[in-house]
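[1] Task: produce atomic coordinates for the following.
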Amino acid sequence: MSDWKAAIRAHVAQDPRGIAGVASRIGIKRSALSMLLSGTYPADPSRQLTRVLLWLGQGSLECPHLAITLAEDECRAYRSRPQPSGDAAKLRHWIACQDCPLGLALLTRAAQQPQPENPSSSPAEKESAHVA
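    Sure thing, here's the model as predicted:
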């Protein structure tokens, strides 16, 4: 648990705005990050801590439903698949994924990342797309 704290403190030391700058980049309030670091966060810290860990790029998550470690892309795939029918266990898993703060944080982070432009499009194809 202290590994993430050390990593965040290193980012804070490097950021000209300090803890406010790091909290802004993570997407949480400065006061929340400060309380997480000091261990005084008054509520359940799992959502905020999940955002911090994902921002640090841990790459794997402990799935609370399956009780196993999943890669981020596996978690994202479970969450974004269509609702299953005909299998009660798969449906329970799907429902758990829809409410899971880990999966929500992954989708939020993915939505905030800039999407690369389609490299296969030629300039002429791009121009004709604008005209049509």
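
[2] Confidence-wise, which helix or strand of this structure is lowest on average?
    helix 123-131 (a mean of 51; mean pLDDT, DSSP states H and E).

[3] any low-confidence regions in the chain?
    1-2, 58-60, 105-132 (pLDDT under 70).

[4] Mind jotting down where the strands sit in it?
    Under the criterion DSSP state E, the chain contains strands at 60-63, 68-71.

[5] Figure out which of those is closest to residue 17.
    strand 60-63 (28.4 Å; Cβ to Cβ). No exception for glycine: its C-beta is placed from N, CA and C like everyone else's.

[6] and the closest one, what does it pack onto?
    Applying 3 or more Cβ pairs under 8 Å, 6 or more residues apart in numbering; DSSP states H and E, we find strand 60-63 packed against strand 68-71, helix 72-80, helix 101-112.

[7] how about a cut-off of 7 Å?
    Judged by 3 or more Cβ pairs under 7 Å, 6 or more residues apart in numbering; DSSP states H and E, strand 60-63 is in contact with strand 68-71, helix 72-80.

[8] of the ones you listed, which approaches residue 10 most closely?
    helix 72-80 (22.0 Å).
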